[in-house]
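> Need coordinates for the following:
(one chain, ligands or ions: 2)
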Amino acid sequence: MGAPVNVREFEDLARERLDPVHYDYFASGAQDEVTVRANEAAFARLALLPRVLRGAGTPRLGVTVLGDEASMPVMLAPTAFHRLAHPDAERATARAAAKAGVIMIAAMLSTVAIEEVAAEARKAAPDPALWFQLYPQPDPAFTEAVVRRAEAAGCRALVVTADSPALGRNERGDRNGFHDLPPGVRCENLREPGDPARTGHVRQVVLSPGISWDDLDRLRGVTDLPIVVKGVLRPDDARLAVERGADAVIVSNHGGRQLDTVPASITRLAPVAEAVAGRVPVLLDGGVRRGTDVIKALALGADAVAIGRPALWGLAAGGEDGVTEVLGLLRRELENALVLCGCAAPQETGPDLVQEGAC
Ligand SMILES: Cc1cc2nc3c(=O)[nH]c(=O)nc-3n(C[C@H](O)[C@H](O)[C@H](O)COP(=O)(O)O)c2cc1C
Ligand SMILES: O=C(O)C(=O)c1ccccc1
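Ligands and ions are numbered 1, 2, ... in the order given. Okay, here's the model as predicted:
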């Protein structure tokens, strides 16, 4: 195959390159994967209604989210275990994101320590925008220690994953017997040199059924960083998040990996954006594969979107260059979609651009 011309072709390349067990880990979702498929399918069901003869010129793509300037409204969602995709792991992802001027949300379950991820990003750009995703742990001292590391590394927001009071039931993982990382691959942010209990083994992370709004309050007491709540699908929860001091929310179903048969994330965006009513930024992830998907999310109220699997396909196919190419494809597609819709910038999109069905 020649060079991929779109994100889906990067998935084909990644499938060829990856150990099938690791490909399944990245691609899979919970149980019947109804929500995984729904995320992409729901974008295809939305039709675009372009405006004509607007003379908008070449679109600008830049946005500012929580004070971070980004070259386009596409960020990298947090995904675990990049070492399974490529030996350069999160180092490569961080360099590509920084070079492209996009915000990267580094996962707590990274296979490269957050300090090193930040150092790599700084090699590629002077002031890279790096956020840190957190699973609050039952041991508050451990949670605080991880937050301090993220702060010291220069992360500029904390993304609290709220949709994971337990791990979703992943049947491909069960079938493949994929329960541990390969020898030598660790969750470097879980390691505490000198503490034999903190070796960085993946089982040391607790997805706690006790996680609650109180954890958000506790975090607020621990850090001055902006706090982003990831995994909101309901207007009532979005309102609670804002009332509890969240600085942004991410409409997300974890790429269909947690509770199966929840709705496609794009179908929950407008209700959540309405409840938030402009008080904080609203972000979305799940099934974004095309520039047209990005513009649909912007039109329905997102300030930016995030991609999970597409960056992993790029990483698996070509390391840093692969991630760079995936981001470049989405940038060119978004610019093309904006100009064809008669929009000069992401901020010019609105719900009038989108029609349900008939597509
Ligand atoms: C392989 C993989 C690992 C993930 N790991 C995490 C994680 O550690 N923390 C988290 O909050 N979300 C995690 N996610 C969810 C992503 O942040 C994001 O919500 C999802 O991938 C978006 O959907 P997309 O893959 O269709 O773009 C993971 C997703 C994938 C595919
Ligand atoms: O795979 C995931 O989506 C994820 O978030 C996770 C959570 C805990 C352990 C491993 C992966």
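
> before we move on, which element is the closest residue in space to Asp32 that isn't next to it in sequence in?
Leaving out its chain neighbours, the residue that sits closest to Asp32 by CB to CB, 6 or more residues apart in numbering is Asp260, at 5.8 Å. Where C-beta positions appear, they are placed from N, C-alpha and C, glycine not excepted. Per DSSP states H and E: Asp260 is located in neither a helix nor a strand.

> Look at Asp260 and report its pLDDT.
Asp260 carries a pLDDT value of 99.

> Does it touch Glu171 like I think?
No - counting by CB atoms under 8 Å, Glu171 is not a contact partner of Asp260; they are 9.8 Å apart.

> who touches the residue nearest to Asp32 in this structure?
Counting by CB atoms under 8 Å, 6 or more residues apart in numbering, Asp260 makes contact with 29-35, 168-169.

> Same question for Asp217.
Here Asp217 is in contact with 244-245 (CB under 8 Å, 6+ apart).

> So it: helix, strand or coil?
Following DSSP: H, G, I helix; E, B strand; the rest coil, Asp217 is assigned to helix.

> Check whether the longest helix along the chain comes near ligand 1.
Among the segments of the chain that qualify as a helix by DSSP state H, the longest is helix 309-340. Yes - Helix 309-340 comes into contact with ligand 1 (CB under 6 Å from any ligand atom), by way of Arg309.

> Please name the residues that touch the residue located most distally from the centre of the chain.
Residue farthest from the centre of the chain, counting by CA atoms, centre = their mean, is Leu53 at 35.1 Å. Taking CB under 8 Å, 6+ apart, we find Leu53 in contact with Gly342.

> I'd like the distance between it and ligand 1.
Using CB to the nearest ligand atom, to the nearest Å, Leu53 is found at 35 Å from ligand 1.

> give me the element that residue is part of.
Here Leu53 is assigned to no helix or strand, by DSSP H and E.

> What's the separation between it and Val280?
Using CB to CB, to the nearest Å, we find Leu53 at a distance of 36 Å from Val280.

> And Val206, by the same measure?
28 Å.

> These two: which is more packed in?
The residue with more neighbours, out of Val206 and Val280, is Val280; 20 against 14, by other CB atoms under 10 Å.

> So that one: helix, strand or coil?
Of the three states, Val280 takes coil under three-state DSSP.

> Please tell me I have it right and it contacts Ala246.
Yes - the pair Val280 / Ala246 is scored as a contact, 6.3 Å apart, by CB under 8 Å.

> How many residues are close by the closest residue to ligand 1 within the chain?
Evaluated by CB to the nearest ligand atom, the chain has Gly308 as its residue closest to ligand 1, separated by 2.0 Å. Neighbour count for Gly308, taken as other CB under 10 Å: 22.

> do Glu243 as well
Glu243 has 10 neighbouring residues, counting by other CB under 10 Å.

> likewise the one 4 residues further on?
Residue crowding around Asp247 was assessed by other CB under 10 Å; the count is 19.

> got a list of what it touches?
Per CB under 8 Å, 6+ apart, neighbours of Asp247: 66, 157, 226-228, 280-281.

> per-residue pLDDT, the nearest residue to it once chain neighbours are set aside?
Among residues not flanking Asp247 along the chain, Pro226 sits closest, at 3.7 Å (CB to CB, 6+ apart). Reading off the confidence values, Pro226 has pLDDT 98.

> next one: Ala358
On the pLDDT scale, Ala358 is placed at 68.

> ok, now Ala197?
85.

> where's it relative to ligand 2, distance?
Counting by CB to the nearest ligand atom, the gap from Ala197 to ligand 2 is 18 Å.

> The closest residue to ligand 2 within the stretch 251-359 of the chain - how many residues pack around it?
Residue of the stretch 251-359 of the chain nearest ligand 2, by CB to the nearest ligand atom: Arg257 (4.4 Å). When neighbours are counted by other CB under 10 Å, Arg257 registers 22.

> Identify the residues contacting it.
Applying CB under 8 Å, 6+ apart, we find Arg257 in contact with 28-30, 36, 168, 170.

> Show me these that map onto helices.
Those of these lying in helices (DSSP H): Val36.

> Can you tell me which of the contacts of Arg257 are classed as buried?
Buried by 16 or more other CB atoms under 10 Å: 28-30, 36, 168, 170, out of the contacts of Arg257.

> Tell me where the stretch 1-150 of the chain has strands.
For the stretch 1-150 of the chain, the strands defined by DSSP state E, counting those that start in this stretch occupy 46-48, 63-65, 68-70, 74-76, 104-106, 130-134.

> picking up where we left off before, export the buried ones among the contacts of Arg257 to JSON lines and append columns for distance to Leu233 and pLDDT.
Output for the buried ones among the contacts of Arg257, formatted as JSON lines (distance: CB to CB, whole Å; pLDDT from 0 to 100):
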{"residue": "Ser28", "distance to Leu233": "20", "pLDDT": "98"}
{"residue": "Gly29", "distance to Leu233": "15", "pLDDT": "98"}
{"residue": "Ala30", "distance to Leu233": "14", "pLDDT": "98"}
{"residue": "Val36", "distance to Leu233": "15", "pLDDT": "99"}
{"residue": "Gly168", "distance to Leu233": "14", "pLDDT": "98"}
{"residue": "Asn170", "distance to Leu233": "20", "pLDDT": "98"}
